Structures are given as structure tokens and as C-alpha cells.
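Student: got a structure for you, letters missing:
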């Protein structure tokens, strides 16, 4: 299953795992999906993985 979360983020699920992808543009301008969370056994774990990655990759001035 693929559920759109916002303009460019999608939640994917199958019988075994959940993960979140983001649409990004390549150097030649073509959009493609890139996984932005780890594979998780539950929806909550997928969301937590995405949030943790966002925090780790952010600058201190971006976190409010």
C-alpha cells in the first residue's frame, strides 16, 4: 500500500514492513523516490525512524 502524507512524502507498507519515501529530483530534473526512513515492523516505528533521521540531519537552528 502507498499512502501520500504530504506533497512529496509517501508511506509504503507490505505485510512485513513500513517505510517512508520522498520524491526528489535528480541532476537531469527527473523525479524519483528515495527512502527516508528505515524499514520498520509497525507504523509507529516507521514514523519514529523518520523523525530521528530528520533530527540527526538537521542543524541546531532548524529545530524548534
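Tutor: Arrived safely. As the structure is a computational prediction, the values presented were derived from the model and not from experiment. Numbers count the residues shown, from 1 in each chain.
Student: select the longest strand from the protein.
Tutor: Longest strand in the chain, counting residues (DSSP state E): strand 18-25.
Student: now it: buried residues?
Tutor: Within strand 18-25, the residues that qualify as buried are 18, 19, 20, 21, 22, counting by 16 or more other CB atoms under 10 Å. Yep, even glycine has a C-beta here, placed from its N, CA and C like the rest.
Student: now these as TSV including distance to residue 9?
Tutor: Below are the buried residues of strand 18-25 laid out as TSV (distance: CB to CB, whole Å):
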residue	distance to residue 9
18	13
19	11
20	6
21	7
22	5
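Student: identify the farthest-apart pair in those residues.
Tutor: 18 and 22 (14.8 Å; CB to CB).
Student: outside of the longest strand of the chain, which residues touch it?
Tutor: If you take CB atoms under 8 Å, 6 or more residues apart in numbering as the criterion, strand 18-25 is touched by 5, 8-12, 31-43, 45-47, 49-50.
Student: what's the helix or strand for the most far-flung residue of the chain relative to its centre?
Tutor: Using CA atoms, centre = their mean, the residue of the chain lying farthest from its centre is residue 28. It sits 22.2 Å away. Under the criterion of DSSP states H and E, residue 28 resides outside all helices and strands.
Student: so what's it up against?
Tutor: Applying CB under 8 Å, 6+ apart to residue 28 gives no contacts.
Student: buried sites along stretch 30-47?
Tutor: In stretch 30-47, residues buried by neighbour count (16+ other CB under 10 Å) are 36, 37, 38, 40, 45, 46, 47.
Student: would the fifth one count as being in a helix?
Tutor: Yes - checked against DSSP: H, G, I helix; E, B strand; the rest coil, residue 45 lies within a helix.
Student: excluding its backbone neighbours, what's nearest it?
Tutor: Leaving aside its chain neighbours, residue 45 sits nearest to residue 18 (7.2 Å; criterion: CB to CB, 6 or more residues apart in numbering).
Student: and stretch 36-48, end to end?
Tutor: Stretch 36-48 has an end-to-end distance of 12 Å (CA to CA, to the nearest Å).
Student: whoops, stretch 37-44 was the one
Tutor: In stretch 37-44, first residue to last residue: 12 Å (CA to CA).
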